[in-house]
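# Model the following, please.
(2 chains)
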Amino acid sequence: MTEPLLRLSQISKSFGAVRALKGVSFELHPGEVHALLGENGAGKSTLIKVVTGAHTPDGGLLEISGQAVHNLTPTRAQALGIACIYQQPALFPDLSVSENIGLRLESPAVWGRVYWRQRREKAMSLLKRIGADIHPETLVNRLSMPEQQLVEIACALGSGARTVIMDEPTASLTRSEQELLFAVVRDLRASGAGVVYISHRLEEIFALADRVTVLRDGESICTRPVRSDSGEMQLSEEELIQLMVGREVSAIYPPKGRSPGETVLELKNVSCAAGNVSEVSLTVRAGEVVGLAGLVGAGRTELARVLFGITPADSGSVRLNGKDVRIQSPRQAVELGIAYVPEDRRRHGVILQMPIAQNMSMAVHPKLFPGKWLRFGAEKALGLRFIQELGIKAYGPEAPGGSLSGGNQQKVSLARWLATEPKLLILDEPTQGVDVGAKSEIHRIIRNLAEQGLAVVMISSDLPEVLGMSDRICVMRGGRLVASLEGVDATADSIMAAALKAH
Amino acid sequence: MNRYFRELSVAAALALLLALLAVFAPHFYQPQPLLSRLTAQMPTLVLTLGMTMVMLTRQIDISVGSQFGLCAVVAGLVSAGGHSLALSLAAALGAGALMGAINGWLVAWMGLPSIVVSLATMVTWAEALRLFQQGKFINLPAGVQWFGLSQTAGQVALILLGLSLLAGLAFLLKNRAGGRHLYAVGSDSEAARLSGIHPQKVTFGVFVAMGLLVGVAAVFNLVQSPQVDPKCGTGLELKAVAAAVVGGVAVNGGRGNVWGAFVGLLLLATINPALTFLHVEAYWEKAIQGLVILLAVVADGLRSKRQSP
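Numbers count the residues shown, from 1 in each chain, chains lettered A, B, ... in the order given. Below is the predicted model:
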């Protein structure tokens, strides 16, 4: 048996009183894709940072290619053949692709000469090897997120890394880009490298991984092969979820709604040139969850921004509760009873240093504070109400947003918008980056809201989620609405077909 | 940990310094010099209040020293022309609000970085004033200094005015929706915008408020002496920023309060006399002030580092 590329034995790491890792063991062999699975906060990120030298473990042994390594630094980890592709690519936005690749791969001597031609050729060949259609002279800030990720992968390949760590690499990729990435991963495996693959999407793990290690609360629960030697599946999704959360997850999706009520929102030929939305017609009724599917960049978020008045529509008509409206600003949208829980709560959502009650009251200042004098009692009551209604895990309404886990922050963001008592709730990727337990809780909350008579539009790139949650599924492509499917009839194939079909 | 830990630790440092003085240099507490020293800080206090608001919204205004000089000259000329103090206050407020509005418009609606905008206006106002006034002092008529009261009564009045401004502003920032909006915009202006808050209006408003407070500060300065020095604002912007930073107002917005900034100002203002009274050479003053500011920034840096592992 060959020496493992990576062997971690009983690694532990604490931050103050928080024990992020309490004795994790993990092995990576050459030529394997080893998935690392666990809820948010299970210790995956910390573990990766130990391996890449960003954190020094408090205890345990770390061996790289059979050598015990102490005091690992990021530079040394790189020299030892460890490369990590983070969820958010860490490239220099104002430099070109080939400069970025060069900076990563060339020796960092300050006075060293730059060989521009070789640099460009190297970049070109690396990009070609992973099948990326990117010109090496493009500035990185002109690239989309998935393209940037491909550049990161090119860097990892170019450094000759034997151990490649991928942290949720597909979070922002479209289906076809995912396939491209999978091919690269398989290619890496075939060349004898080891890949540590982290993802919340279980179907990817089944498609790619050879073995799975499940982390829970900073401990490695188990390591299991995905397939037996004869190629049969040895694990089921249910099993994995159960291992991750350590408890039975009953039904993954709540039962769907019955008959929807009156029409809440009616769009006719709504276009917005600035937002790449053209001629969208759509109706959403009370009590209904309408899933908005499509590839990244198909115009779903842009449509939501039009509805919320961030980029107002240029033409077409919007009817809300039977009345024609022109939505020109978020403030007006809120007054009309529209709520928008944006994607990426770290950037547009919860303010980390603000108590959660203040976060929740932010969109209802005019209503909660008539005369503009703050009423702390009313604010606290609002906080307590939503903490209870949404099952938010926090020590109280005074807890700063930053003290909560990702899933609970998402609930705070949801609470902020529910406080506006909307008629129409637009959710943009409501469970992105949220762990499995919190995810099904958020699904249940969404369904409850619909049952209370809310019209819900849910944008999601997670196909099982769209299928599991939606009463009706609308598919967007190139800024247009190209298909509307009844929830019961829709399948992953029919959605993808509509999302991908060429004109 | 207590939400106000940062403010309380600065207060503790101030208390320690005052206690040291009580033990080793009790004559620091002689009433009349103490009163004078406190009075002299009142214009800076008013600037610090404005700077705190500006910094809470994640902006900075380094033109306040120049604005201060210009407002002082405007108020001085009105007073020298024989008009009432109320009229010269109104003139200073008007000049301040106008200059604040220019900064605010450029920052809020043109989307320009406030450090560059206020650097440009700082130089512009200072040079305009230099051309106009040629460095000449303005002599004020009798009755302006100390509001026409005795010196002690005037000083007490000024301190009371300054402290009521502080308390009033603290109350408004805590209890008005607008105060909350400063924190929201300073923490995450996109989230604030989506929540129906108008970040541009808030930012503009804060710069205008800063300008108005500069006008008040200039009048607070005017009544303390029989003359107006057109260079009286030099360096005040740095004192205001330093006080706010030492008092726990975050440079990247959304954290801090005016009480903290007030304590920060008192701490910085006490260091100088403390050194004199404790017989440390005066050369050390600036260095120690710098050290205190550095300490504050390091403390905030460690704090934010701990919050994001």
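# Would you mind listing where the chain has pLDDT under the threshold?
By default, I'm working from chain A. Along chain A, the model assigns pLDDT under 70 to residues A:1, A:16-18, A:39-41, A:108, A:171-172, A:245-252, A:296, A:344-348, A:500-503.
# ah, I was thinking of chain B
In chain B, residues with pLDDT under 70: B:1-2, B:304-309.
# Strands of that one, residue ranges please.
B:138-139, B:227-228 (DSSP state E).
# Ok, the stretch 151-300 of chain A next?
A:163-167, A:194-198, A:211-216, A:219-225, A:263-272, A:277-285, A:289-294 (DSSP state E, counting those that start in this stretch).
# Can you tell me which of the ones you listed is most buried?
strand A:289-294 (a mean of 27; mean count of other CB atoms under 10 Å in any protein chain shown). The way it works is simple: take the backbone N, C-alpha and C, and place the C-beta from them, glycine included.
# so after that strand, what's the next helix or strand?
As assigned by DSSP states H and E, the chain's next helix or strand after strand A:289-294 is helix A:300-307.
# Which helix or which strand is home to A:Leu62?
strand A:59-64.
# Pull stretch A:122-138 out as CSV, backbone CA atoms only.
Output of stretch A:122-138 as CSV, limited to C-alpha atoms (Å, rounded to 0.1, in the frame of the first residue of the first chain):
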residue,chain,number,x,y,z
LYS,A,122,2.2,28.5,-19.2
ALA,A,123,-1.2,30.0,-18.4
MET,A,124,-2.5,29.1,-21.8
SER,A,125,-1.5,25.5,-21.5
LEU,A,126,-2.9,25.1,-18.0
LEU,A,127,-6.2,26.7,-19.0
LYS,A,128,-6.3,24.4,-22.0
ARG,A,129,-5.6,21.4,-19.9
ILE,A,130,-8.8,22.0,-17.8
GLY,A,131,-10.8,22.9,-20.8
ALA,A,132,-11.4,26.5,-19.8
ASP,A,133,-12.2,28.9,-22.5
ILE,A,134,-10.5,31.9,-20.9
HIS,A,135,-8.0,34.2,-22.6
PRO,A,136,-4.9,34.6,-20.4
GLU,A,137,-4.7,38.4,-20.8
THR,A,138,-8.3,38.9,-19.5
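# Residues contacting that stretch, please?
Applying CB atoms under 8 Å, 6 or more residues apart in numbering or on different chains, the contact partners of stretch A:122-138 are A:96-98, A:101-102, A:105, A:120, A:143, A:147, A:150-151, A:153-155, A:157-158, A:180, A:183-184, A:187.
# Now do the buried residues in it.
Burial within stretch A:122-138, assessed by neighbour count using 16 or more other CB atoms under 10 Å in any protein chain shown, is assigned to A:Lys122, A:Ala123, A:Met124, A:Leu126, A:Leu127, A:Ile130, A:Ala132, A:Ile134, A:Pro136.
# Stretch A:53-68 too?
Of the residues in stretch A:53-68, A:Gly53, A:His55, A:Pro57, A:Gly60, A:Leu62, A:Glu63, A:Ile64, A:Ser65 count as buried by neighbour count, 16+ other CB under 10 Å.
# Could you report the neighbour count for the closest residue to A:Val457 other than its chain neighbours?
Once flanking residues are discounted, A:Val457 sits nearest to A:Ile426: 4.7 Å by CB to CB, 6 or more residues apart in numbering or on different chains. Using other CB atoms under 10 Å in any protein chain shown, A:Ile426 is surrounded by 28 other residues.
# Take the strands of the stretch 151-300 of chain A and lay them out in TSV including distance to chain B.
Shown next, in TSV, are these (distance: least, CB to the nearest CB, whole Å):
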stretch	distance to chain B
strand A:163-167	16
strand A:194-198	18
strand A:211-216	17
strand A:219-225	19
strand A:263-272	17
strand A:277-285	18
strand A:289-294	18
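# So for A:Glu421, which of those sits nearest?
strand A:263-272 (13.4 Å; CB to CB).
# coming back round to it: pick the most deeply packed of the strands of chain B.
Taking mean count of other CB under 10 Å, strand B:227-228 is the most buried of these, at a mean of 19.
# about what we covered before: just put the strands of chain B in CSV and tack on distance to A:Val277.
Formatted as CSV, the strands of chain B follow (distance: least, CB to CB, whole Å):
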stretch, distance to A:Val277
strand B:138-139, 62
strand B:227-228, 60
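# residue contacts, A:Leu418?
A:Ala339, A:Phe386, A:Leu425, A:Leu449.
# Which residue, other than its chain neighbours, is closest to B:Ser187?
B:Gly254 (3.3 Å).
# Quick check on that neighbour: phi, psi?
phi 80, psi 0 (degrees, to the nearest 10).
# can I assume it is in contact with B:Ser189?
No - with contact defined as CB atoms under 8 Å, B:Gly254 does not count as touching B:Ser189 (9.9 Å).
# Looking at those two, which one has more neighbours?
Set side by side, B:Gly254 and B:Ser189 show more neighbours around B:Gly254, with 22 against 19, by other CB under 10 Å.
# check contacts around that one.
Contacts of B:Gly254 (CB under 8 Å, 6+ apart): A:Ile351, A:Gln353, A:Met354, B:Leu56, B:Arg58, B:Tyr183, B:Ala184, B:Gly186, B:Ser187, B:Asp188.
# Tell me which stretches of chain B form helices.
Secondary structure of chain B (DSSP state H): helices at B:5-24, B:31-56, B:64-80, B:85-104, B:114-133, B:151-175, B:177-187, B:189-194, B:199-222, B:236-246, B:258-277, B:284-307.
# Skipping its backbone neighbours, what lies nearest the closest residue to chain B within the stretch 401-503 of chain A in space?
When distances are taken as CB to the nearest CB, the stretch 401-503 of chain A reaches nearest to chain B at A:Gly402, 6.0 Å away. With sequence-adjacent residues excluded and distances taken as CB to CB, 6+ apart, A:Gly402 is closest to A:Leu352, at 3.3 Å.
# and what of B:Gly178?
In space, B:Gly178 is closest to A:Lys372, 6.6 Å off (CB to CB, 6+ apart).
# for A:Glu262, same thing?
Closest residue to A:Glu262 apart from its sequence neighbours, by CB to CB, 6+ apart: A:Ala286 at 5.5 Å.
# Count the residues that sit near that neighbour.
Residues near A:Ala286, counting by other CB under 10 Å: 19.
# That one is in contact with A:Ala455, isn't it?
Yes - in this structure A:Ala286 lies within contact range of A:Ala455 using CB under 8 Å: 5.2 Å.
# Out of the buried residues of stretch A:122-138, which sit inside helices?
Counted as lying in helices by DSSP H, out of the buried residues of stretch A:122-138, are A:Lys122, A:Ala123, A:Met124, A:Leu126, A:Leu127.
# on that earlier part again, please settle this for me: is the residue nearest to A:Val457 part of a helix?
No - looking at A:Ile426 with DSSP: H, G, I helix; E, B strand; the rest coil, it is strand, so not inside a helix.
# check contacts around it.
A:Ile426 neighbours (CB under 8 Å, 6+ apart): A:Ala304, A:Leu307, A:Phe308, A:Ile338, A:Ala339, A:Tyr340, A:Val341, A:Val456, A:Val457, A:Ile459.
# Overlap of the contact sets of A:Ala286 and A:Ala455?
Joint contacts of A:Ala286 and A:Ala455 (CB under 8 Å, 6+ apart) are A:Val264, A:Lys423.
# Within range of chain B, give me the residues from the stretch 301-450 of chain A.
Counting by CB under 8 Å from any CB of the partner chain, the stretch 301-450 of chain A comes close to chain B at A:308, A:310, A:330-331, A:334, A:340, A:342, A:347-354, A:358, A:362-363, A:365-366, A:369, A:372-374, A:402, A:416.
# List only those of these flagged as buried.
For those, buried by 16+ other CB under 10 Å: A:308, A:310, A:330-331, A:334, A:340, A:342, A:348-354, A:358, A:362-363, A:365, A:369, A:374, A:416.
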